[in-house]
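Asker: here's a sequence, model it:
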Amino acid sequence: MLARLADTCWALGESRDLHKKSLLFFREAFLYNPREIELDRLRAPLIRRLVKAVREAGFVDDEVACWVPVQAACGHDFSVKRELEEHEVAQLQEDARRLEGELGKNGANARVLLPLLLNRYIWLLDHFTLAMNDVVKAEMVRKRFIEADPETYRKIYSR
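Answerer: This next block holds a predicted model:
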């Protein structure tokens, strides 16, 4: 639903404000329900480019939607961010812990679980570095991110 709204804003928008809202809605949609997004129905050139890049990297089916926000982070495409509420931060942290546990038990689903985890790390790092300026918490998340996928971490944060 959010992805369709984002796509509509993108289609409507020559204004900078609509474009920013579209980016924010896409970022939110790919956090909460990436596997429910009908990628082939979205028309925004940005999303089509991201989907194409993820598919070219060898990902298929519902893996693609999970990797789109990570690919967007690598290119700094979802550049519009918002401040998180305390309960959202707590939920992201809880989701990250759960996904870490699932990854540890179920390596077979790593191509879906890993990008979901990385996306939560991205959101948490944004929150702790940009909004809170909490170096200690940011460093904890950064270490877990690097342990999970050092190559992706470098792609996103080595600029």
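Asker: wait, residue 116 sits on residue 68?
Answerer: No. The criterion here is C-beta atoms under 8 Å, and residue 116 misses it with residue 68 at 11.4 Å. For glycine as for every other residue, the C-beta is placed from the backbone atoms N, C-alpha and C.
Asker: who's more crowded, these two?
Answerer: A direct count of neighbours by other C-beta atoms under 10 Å for residue 116 and residue 68 places residue 68 higher, at 28 against 23.
Asker: please identify every residue contacting each of residue 116 and residue 68.
Answerer: residue 34 (C-beta atoms under 8 Å, 6 or more residues apart in numbering).
Asker: where does pLDDT dip in the protein?
Answerer: 108, 159 (pLDDT under 70).
Asker: and if we set it to 90?
Answerer: Confidence mapping of the chain against pLDDT under 90 gives the ranges 1, 12-19, 32-33, 62, 104-109, 130-133, 158-159.
Asker: quick one, domains of it?
Answerer: Following the assignment in automatic domain parsing, the chain carries domains at 2-74, 86-157.
Asker: reformat the ones you listed as CSV; add distance to residue 80.
Answerer: Shown next, in CSV, are those (distance: least, C-beta to C-beta, whole Å):
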stretch, distance to residue 80
domain 2-74, 4
domain 86-157, 11
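Asker: break down this structure into its helices, ranges please.
Answerer: 2-12, 16-32, 45-56, 62-74, 86-105, 110-126, 135-148, 150-157 (DSSP state H).
Asker: list the buried residues of the longest one.
Answerer: Read that as helix 86-105. Buried residues in helix 86-105, counted by 16 or more other C-beta atoms under 10 Å: 89, 92, 95-96, 99-100, 102-103.
Asker: one more: stretch 43-52?
Answerer: 44, 46-47, 50-51.
Asker: in CSV, list these along with distance to residue 146.
Answerer: Shown next, in CSV, are the buried residues of stretch 43-52 (distance: C-beta to C-beta, whole Å):
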residue, distance to residue 146
44, 31
46, 27
47, 28
50, 23
51, 27
